[in-house]
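**Student:** I would like to see how this sequence folds:
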Amino acid sequence: MKVSIVQLNSKTDKKKNLDIAIKLANKAIVSDKPDLIAFPEMISFYGGTDEDSKSSAEDIPSGETTERLAGFAKKNGIFVHGGSFFEKAGNKIFNTSLAFNREGEIIAQYRKIHLFDAATPDGDSYRESDRVLPGDQVVTYQADGMTVGCTICYDLRFSELYLELAKKGVDIIMIPAAFTLQTGKDHWLPLVRARAIETQAYVLAPAQCGKFPDGTGGYRRTWGHSVIVDPWGHVVSQIPDEIGWVSATINPDYIKKIRTDMPISSHRIL
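**Tutor:** Okay, the predicted model is just below:
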(Lines give C-alpha, C1' and ligand atoms only; values in the text may rest on other atoms or scores of the structure.)
Protein backbone atom coordinates (compact mmCIF):
# COMPACT_ATOMS: atom_id res chain seq x y z
CA MET A 1 0.00 0.00 0.00
CA LYS A 2 1.29 3.47 -0.93
CA VAL A 3 0.49 6.24 1.57
CA SER A 4 0.96 10.01 1.58
CA ILE A 5 0.75 12.49 4.46
CA VAL A 6 0.03 16.18 3.99
CA GLN A 7 1.43 19.02 6.12
CA LEU A 8 -0.62 22.22 6.38
CA ASN A 9 -0.59 25.67 7.97
CA SER A 10 -4.32 26.00 8.61
CA LYS A 11 -5.76 29.20 10.05
CA THR A 12 -9.32 30.53 10.44
CA ASP A 13 -10.50 30.62 6.80
CA LYS A 14 -12.19 27.24 6.37
CA LYS A 15 -12.66 27.35 2.60
CA LYS A 16 -9.07 28.47 2.01
CA ASN A 17 -7.72 25.77 4.34
CA LEU A 18 -9.66 23.04 2.56
CA ASP A 19 -8.71 24.39 -0.87
CA ILE A 20 -5.01 24.23 0.04
CA ALA A 21 -5.35 20.76 1.57
CA ILE A 22 -7.07 19.36 -1.51
CA LYS A 23 -4.61 21.08 -3.84
CA LEU A 24 -1.62 19.52 -2.08
CA ALA A 25 -3.32 16.12 -1.98
CA ASN A 26 -4.01 16.30 -5.70
CA LYS A 27 -0.31 17.00 -6.31
CA ALA A 28 0.58 13.96 -4.19
CA ILE A 29 -1.80 11.82 -6.26
CA VAL A 30 -0.29 12.96 -9.55
CA SER A 31 3.27 12.51 -8.29
CA ASP A 32 3.08 9.43 -6.05
CA LYS A 33 -0.24 7.69 -6.78
CA PRO A 34 -1.05 6.78 -3.15
CA ASP A 35 -3.79 4.41 -2.03
CA LEU A 36 -4.34 6.46 1.14
CA ILE A 37 -3.83 10.12 2.03
CA ALA A 38 -3.76 11.43 5.62
CA PHE A 39 -4.24 15.05 6.71
CA PRO A 40 -3.29 16.78 10.00
CA GLU A 41 -5.34 17.75 13.02
CA MET A 42 -7.46 20.87 12.48
CA ILE A 43 -7.42 20.47 8.72
CA SER A 44 -10.16 23.02 8.06
CA PHE A 45 -9.98 25.53 10.93
CA TYR A 46 -7.29 26.41 13.46
CA GLY A 47 -6.88 29.32 15.82
CA GLY A 48 -9.02 32.21 16.98
CA THR A 49 -11.05 32.27 20.18
CA ASP A 50 -12.94 29.46 21.85
CA GLU A 51 -16.12 30.90 20.37
CA ASP A 52 -14.53 30.90 16.89
CA SER A 53 -13.74 27.21 17.34
CA LYS A 54 -17.29 26.45 18.42
CA SER A 55 -18.68 28.43 15.48
CA SER A 56 -16.52 26.42 13.07
CA ALA A 57 -17.91 23.10 14.34
CA GLU A 58 -19.90 20.99 11.89
CA ASP A 59 -22.53 18.31 11.87
CA ILE A 60 -21.49 14.93 10.50
CA PRO A 61 -22.06 13.90 7.73
CA SER A 62 -23.61 17.13 6.44
CA GLY A 63 -20.76 19.54 7.20
CA GLU A 64 -18.47 21.19 4.67
CA THR A 65 -15.31 19.34 5.74
CA THR A 66 -16.99 15.93 5.65
CA GLU A 67 -18.56 16.57 2.27
CA ARG A 68 -15.35 17.82 0.66
CA LEU A 69 -13.21 14.97 1.98
CA ALA A 70 -15.82 12.40 1.01
CA GLY A 71 -16.01 13.86 -2.48
CA PHE A 72 -12.23 13.90 -2.78
CA ALA A 73 -11.96 10.25 -1.74
CA LYS A 74 -14.67 9.17 -4.17
CA LYS A 75 -13.37 11.23 -7.09
CA ASN A 76 -9.88 9.78 -6.77
CA GLY A 77 -10.81 6.28 -5.60
CA ILE A 78 -8.53 6.43 -2.55
CA PHE A 79 -8.78 6.09 1.21
CA VAL A 80 -8.70 9.40 3.08
CA HIS A 81 -7.89 9.92 6.75
CA GLY A 82 -9.31 13.37 7.34
CA GLY A 83 -6.99 14.62 10.08
CA SER A 84 -9.43 16.18 12.49
CA PHE A 85 -11.92 19.05 12.75
CA PHE A 86 -14.49 20.30 15.22
CA GLU A 87 -17.77 18.38 15.45
CA LYS A 88 -20.88 19.92 17.03
CA ALA A 89 -21.76 18.52 20.48
CA GLY A 90 -24.31 20.78 22.18
CA ASN A 91 -22.62 23.57 24.18
CA LYS A 92 -19.19 22.09 23.47
CA ILE A 93 -17.52 20.33 20.55
CA PHE A 94 -15.56 17.19 19.74
CA ASN A 95 -12.15 17.07 18.05
CA THR A 96 -13.02 14.40 15.49
CA SER A 97 -11.24 12.32 12.85
CA LEU A 98 -13.12 10.74 9.97
CA ALA A 99 -11.83 8.08 7.60
CA PHE A 100 -13.32 7.48 4.16
CA ASN A 101 -13.12 4.49 1.83
CA ARG A 102 -12.51 4.58 -1.91
CA GLU A 103 -16.23 5.21 -2.49
CA GLY A 104 -16.22 8.26 -0.22
CA GLU A 105 -18.13 6.51 2.56
CA ILE A 106 -17.32 7.16 6.22
CA ILE A 107 -15.70 4.03 7.66
CA ALA A 108 -14.43 5.42 10.99
CA GLN A 109 -15.21 8.27 13.36
CA TYR A 110 -12.78 8.88 16.22
CA ARG A 111 -13.15 11.57 18.87
CA LYS A 112 -9.93 12.66 20.57
CA ILE A 113 -9.70 11.06 24.00
CA HIS A 114 -6.91 13.03 25.68
CA LEU A 115 -7.37 16.82 25.76
CA PHE A 116 -4.44 19.23 25.86
CA ASP A 117 -4.67 21.16 29.14
CA ALA A 118 -1.07 22.18 29.71
CA ALA A 119 1.45 25.00 29.86
CA THR A 120 4.39 24.97 27.44
CA PRO A 121 7.95 26.01 28.42
CA ASP A 122 7.46 29.49 26.94
CA GLY A 123 4.59 30.14 29.35
CA ASP A 124 1.67 29.68 26.94
CA SER A 125 -1.32 27.93 28.48
CA TYR A 126 -3.62 25.66 26.50
CA ARG A 127 -7.06 24.57 27.78
CA GLU A 128 -8.60 22.34 25.15
CA SER A 129 -11.19 21.04 27.61
CA ASP A 130 -12.72 24.51 27.97
CA ARG A 131 -14.42 23.94 24.62
CA VAL A 132 -13.87 20.28 23.68
CA LEU A 133 -15.42 17.11 25.08
CA PRO A 134 -13.27 13.95 25.28
CA GLY A 135 -14.11 10.85 23.29
CA ASP A 136 -14.21 7.44 24.94
CA GLN A 137 -13.85 4.88 22.13
CA VAL A 138 -10.76 3.11 20.74
CA VAL A 139 -11.31 3.09 16.98
CA THR A 140 -9.84 1.10 14.08
CA TYR A 141 -10.81 0.56 10.46
CA GLN A 142 -9.82 -1.54 7.45
CA ALA A 143 -8.03 -0.22 4.36
CA ASP A 144 -7.09 -2.75 1.67
CA GLY A 145 -6.60 -5.49 4.25
CA MET A 146 -4.60 -3.29 6.62
CA THR A 147 -5.92 -2.46 10.10
CA VAL A 148 -5.59 1.25 10.86
CA GLY A 149 -5.77 2.73 14.37
CA CYS A 150 -6.97 6.24 15.16
CA THR A 151 -5.38 8.76 17.55
CA ILE A 152 -4.99 12.55 17.58
CA CYS A 153 -2.08 14.76 18.73
CA TYR A 154 -1.97 14.81 22.59
CA ASP A 155 -3.03 11.14 22.59
CA LEU A 156 0.58 10.55 21.56
CA ARG A 157 1.74 10.89 25.17
CA PHE A 158 -0.47 8.07 26.47
CA SER A 159 1.08 4.72 25.63
CA GLU A 160 -1.86 2.77 27.07
CA LEU A 161 -4.02 3.88 24.13
CA TYR A 162 -1.44 2.58 21.67
CA LEU A 163 -1.15 -0.73 23.50
CA GLU A 164 -4.93 -1.08 23.19
CA LEU A 165 -4.54 -0.49 19.45
CA ALA A 166 -1.74 -3.06 19.34
CA LYS A 167 -4.08 -5.61 20.94
CA LYS A 168 -6.47 -4.94 18.06
CA GLY A 169 -3.73 -5.91 15.59
CA VAL A 170 -3.16 -2.54 13.95
CA ASP A 171 -0.72 -2.36 11.04
CA ILE A 172 -0.85 1.44 10.75
CA ILE A 173 -1.46 4.09 13.40
CA MET A 174 -2.59 7.61 12.53
CA ILE A 175 -1.45 10.59 14.62
CA PRO A 176 -2.75 13.77 12.95
CA ALA A 177 -1.39 16.61 15.06
CA ALA A 178 -0.89 20.29 15.70
CA PHE A 179 2.02 19.94 18.13
CA THR A 180 3.24 23.19 19.65
CA LEU A 181 6.67 24.46 18.67
CA GLN A 182 7.87 24.36 22.28
CA THR A 183 6.89 20.76 22.95
CA GLY A 184 7.44 19.49 19.42
CA LYS A 185 11.11 20.36 19.16
CA ASP A 186 11.92 18.11 22.13
CA HIS A 187 9.19 15.46 22.22
CA TRP A 188 7.53 14.99 18.82
CA LEU A 189 9.88 12.62 17.05
CA PRO A 190 10.96 10.60 20.12
CA LEU A 191 7.30 9.95 20.99
CA VAL A 192 6.27 9.06 17.43
CA ARG A 193 9.17 6.64 17.13
CA ALA A 194 8.36 5.12 20.52
CA ARG A 195 4.75 4.49 19.50
CA ALA A 196 5.93 2.72 16.34
CA ILE A 197 8.50 0.62 18.20
CA GLU A 198 6.19 -0.48 21.00
CA THR A 199 3.31 -1.40 18.67
CA GLN A 200 5.50 -2.73 15.82
CA ALA A 201 3.32 -0.79 13.41
CA TYR A 202 3.81 1.95 10.83
CA VAL A 203 2.96 5.40 12.18
CA LEU A 204 1.66 8.19 9.93
CA ALA A 205 1.90 11.54 11.70
CA PRO A 206 0.77 14.48 9.50
CA ALA A 207 1.02 17.79 11.33
CA GLN A 208 0.35 21.50 11.24
CA CYS A 209 3.35 23.81 10.72
CA GLY A 210 3.98 27.53 11.10
CA LYS A 211 1.99 30.14 13.00
CA PHE A 212 -1.74 30.53 13.55
CA PRO A 213 -3.82 33.34 15.14
CA ASP A 214 -4.41 33.01 18.90
CA GLY A 215 -7.60 35.09 19.03
CA THR A 216 -6.00 38.05 20.82
CA GLY A 217 -4.25 39.62 17.85
CA GLY A 218 -1.12 37.53 18.28
CA TYR A 219 0.09 34.16 17.06
CA ARG A 220 1.13 30.77 18.32
CA ARG A 221 3.42 28.36 16.49
CA THR A 222 3.32 24.69 15.62
CA TRP A 223 6.27 22.36 15.10
CA GLY A 224 5.42 20.66 11.81
CA HIS A 225 7.92 17.92 10.89
CA SER A 226 5.22 15.52 9.70
CA VAL A 227 6.70 12.05 9.60
CA ILE A 228 6.19 8.44 8.55
CA VAL A 229 7.94 5.92 10.82
CA ASP A 230 8.27 2.18 10.18
CA PRO A 231 7.67 -0.64 12.73
CA TRP A 232 11.36 -0.70 13.69
CA GLY A 233 11.25 3.00 14.56
CA HIS A 234 13.10 4.24 11.47
CA VAL A 235 12.04 7.53 9.91
CA VAL A 236 10.96 6.68 6.38
CA SER A 237 9.86 10.14 5.21
CA GLN A 238 9.64 13.56 6.84
CA ILE A 239 8.54 17.11 5.97
CA PRO A 240 10.48 19.94 7.66
CA ASP A 241 8.93 23.38 8.18
CA GLU A 242 6.78 24.12 5.13
CA ILE A 243 3.49 22.87 3.75
CA GLY A 244 3.79 19.86 1.46
CA TRP A 245 3.57 16.10 1.43
CA VAL A 246 5.69 12.96 1.56
CA SER A 247 4.91 9.36 0.67
CA ALA A 248 6.01 5.86 1.63
CA THR A 249 5.12 2.24 0.98
CA ILE A 250 3.57 0.11 3.72
CA ASN A 251 5.08 -3.38 3.60
CA PRO A 252 2.98 -6.00 5.45
CA ASP A 253 5.74 -8.59 5.09
CA TYR A 254 8.10 -6.28 6.99
CA ILE A 255 5.54 -5.91 9.80
CA LYS A 256 5.18 -9.70 9.98
CA LYS A 257 8.94 -10.26 10.07
CA ILE A 258 9.48 -7.79 12.92
CA ARG A 259 6.66 -9.31 14.95
CA THR A 260 7.93 -12.84 14.29
CA ASP A 261 11.55 -12.04 15.15
CA MET A 262 10.60 -10.11 18.28
CA PRO A 263 7.15 -11.33 19.41
CA ILE A 264 6.47 -8.59 21.95
CA SER A 265 2.74 -9.26 22.11
CA SER A 266 3.28 -12.82 23.38
CA HIS A 267 5.90 -11.67 25.90
CA ARG A 268 3.75 -9.01 27.55
CA ILE A 269 3.04 -9.84 31.19
CA LEU A 270 1.42 -6.76 32.75
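
**Student:** past the strand or helix carrying residue 16, which element shows up next along the chain?
**Tutor:** Here residue 16, judged by DSSP states H and E, is contained in helix 14-32. For helix 14-32, the succeeding helix or strand toward the C-terminus, using DSSP H and E, is strand 36-38.

**Student:** list the pairing partners of that following strand within its sheet, with orientation.
**Tutor:** strand 2-7 (parallel), strand 79-81 (parallel) (DSSP bridges).

**Student:** hang on, the earlier thing: other SSEs contacting the helix holding residue 16?
**Tutor:** Here helix 14-32 touches strand 2-7, strand 36-38, helix 64-76, strand 244-249, going by 3 or more Cβ pairs under 8 Å, 6 or more residues apart in numbering; DSSP states H and E. Just so you know, the C-beta spots here come from the backbone N, C-alpha and C atoms, and that holds for glycine as well.

**Student:** give me the contacts around it.
**Tutor:** Applying Cβ atoms under 8 Å, 6 or more residues apart in numbering, the set of residues contacting helix 14-32 from outside is 2, 4, 6, 8, 10-11, 34, 37, 39, 43-46, 56, 64-65, 68, 72, 76, 78, 243-245, 247.

**Student:** so which bits of the worst-scoring helix or strand of the chain on mean pLDDT are buried?
**Tutor:** Taking mean pLDDT, DSSP states H and E as the measure, the helices and strands of the chain show their lowest mean at strand 125-127, namely a mean of 92. Neighbour counts using 16 or more other Cβ atoms under 10 Å place residue 126 of strand 125-127 among the buried residues.

**Student:** for residue 92, give its distance to residue 51.
**Tutor:** Distance, residue 92 to residue 51, using Cβ to Cβ, to the nearest Å: 12 Å.

**Student:** what's the answer for residue 77, then?
**Tutor:** For residue 77, the distance to residue 51 - Cβ to Cβ - is 39 Å.

**Student:** show me what counts as buried in stretch 136-153.
**Tutor:** For stretch 136-153, burial by neighbour count (16+ other Cβ under 10 Å) applies to 138-141, 143, 146-153.

**Student:** who does the strand ranked longest in the chain pair up with?
**Tutor:** Scanning the chain for the strand with the most residues, using DSSP state E, yields strand 92-100. Paired strands of strand 92-100, with direction, are strand 79-81 (antiparallel), strand 85-89 (antiparallel), strand 106-111 (antiparallel), strand 132-133 (parallel) (DSSP bridges).

**Student:** what is the orientation angle of that strand with helix 64-76?
**Tutor:** Interaxial angle, strand 92-100 versus helix 64-76 (axes from the mean of the first three to the mean of the last three Cα atoms, to 10 degrees): 0 degrees.
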